[in-house]
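Peer 1: sequence unknown, structure follows:
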């Protein structure tokens with residue numbers, strides 16, 4: 001199946017990511033024909049919390065959202081905490097919402113969306129410890145395996161990866177969502 005042929009998907013992350021939350025969605029989008037690109041404020045190579053290493057393709061300083069069809073935000077406490085404090089990373093994520101492009105986020109990755117101020121009036125799930133943060137940012141937090149809200153795909157933990165990956169591929173295939181907003 002190659003219904004993502006010609007699509008470019010940015011994966012935004014840095015050291016300390018949850019390994020499977022990068023590798024599983026990466027495999028899902030590339031198996032369906034998309035080009036996956038690792039964007040990061042780190043240089044050279046990044047390392048997941050369980051030791052997975054991956055080369056950075058594009059430094060965040062050189063990345064522009066218009067070069068991609070969708071964004072995936074893997075979790076991991078350290079990764080998400082560092083990214084939400086990195087202004088170029090937050091602006092990069094925010095731009096996908098302004099351009100109505102699909103965004104997929106799992107686990108602690110939602111911290112970046114809170115910082116980008118794009119979750120107000122959105123239904124979203126995350127790792128349970130982010131529930132209050134998301135509600136305080138104006139989101140409708142729910143405890144479900146996967147949630148899709150007008151191009152925004154969210155899941156809780158690595159246990160949800162099969163559903164997360166399937167919905168991520170589906171939303172990227174659909175393309176821009178005019179209802180996607182931040």
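Peer 2: On my side now, so go ahead. As the structure is a computational prediction, the values presented were derived from the model and not from experiment. Numbering: from 1, shown residues only.
Peer 1: can you map out the strands along this protein?
Peer 2: Secondary structure of the chain, counting by DSSP state E: strands at 8-12, 35-40, 45-47, 53-55, 58-59, 70-73, 103-106, 123-124, 140-141, 146-149, 152-155.
Peer 1: from the centroid of this protein, which residue is nearest?
Peer 2: By C-alpha atoms, centre = their mean, the chain has its centre lying nearest to residue 73, at 2.1 Å.
Peer 1: just give the nearest non-adjacent residue to residue 129, would you?
Peer 2: residue 108 (8.0 Å; C-beta to C-beta, 6 or more residues apart in numbering). No exception for glycine: its C-beta is placed from N, CA and C like everyone else's.
Peer 1: quick check: that neighbour touching residue 130?
Peer 2: Yes: the pair residue 108 / residue 130 is scored as a contact, 6.5 Å apart, by C-beta atoms under 8 Å.
Peer 1: list the contacts of the closest residue to residue 77 other than its chain neighbours.
Peer 2: With C-beta to C-beta, 6+ apart as the criterion, residue 77 has its nearest non-adjacent residue at 5.2 Å, and that residue is residue 108. By C-beta atoms under 8 Å, 6 or more residues apart in numbering, the contact set of residue 108 is 18, 75, 76, 77, 79, 80, 81, 126, 127, 129, 130.
Peer 1: tabulate those in TSV, adding columns for pLDDT.
Peer 2: Listed next are those as TSV, based on pLDDT from 0 to 100:
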residue	pLDDT
18	97
75	96
76	95
77	96
79	97
80	97
81	97
126	98
127	97
129	97
130	97
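Peer 1: adding distance to residue 96, write the residues you listed out as JSON lines.
Peer 2: Output for those, formatted as JSON lines (distance: C-beta to C-beta, whole Å):
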{"residue": "18", "distance to residue 96": "21"}
{"residue": "75", "distance to residue 96": "17"}
{"residue": "76", "distance to residue 96": "20"}
{"residue": "77", "distance to residue 96": "23"}
{"residue": "79", "distance to residue 96": "18"}
{"residue": "80", "distance to residue 96": "16"}
{"residue": "81", "distance to residue 96": "20"}
{"residue": "126", "distance to residue 96": "18"}
{"residue": "127", "distance to residue 96": "21"}
{"residue": "129", "distance to residue 96": "24"}
{"residue": "130", "distance to residue 96": "19"}
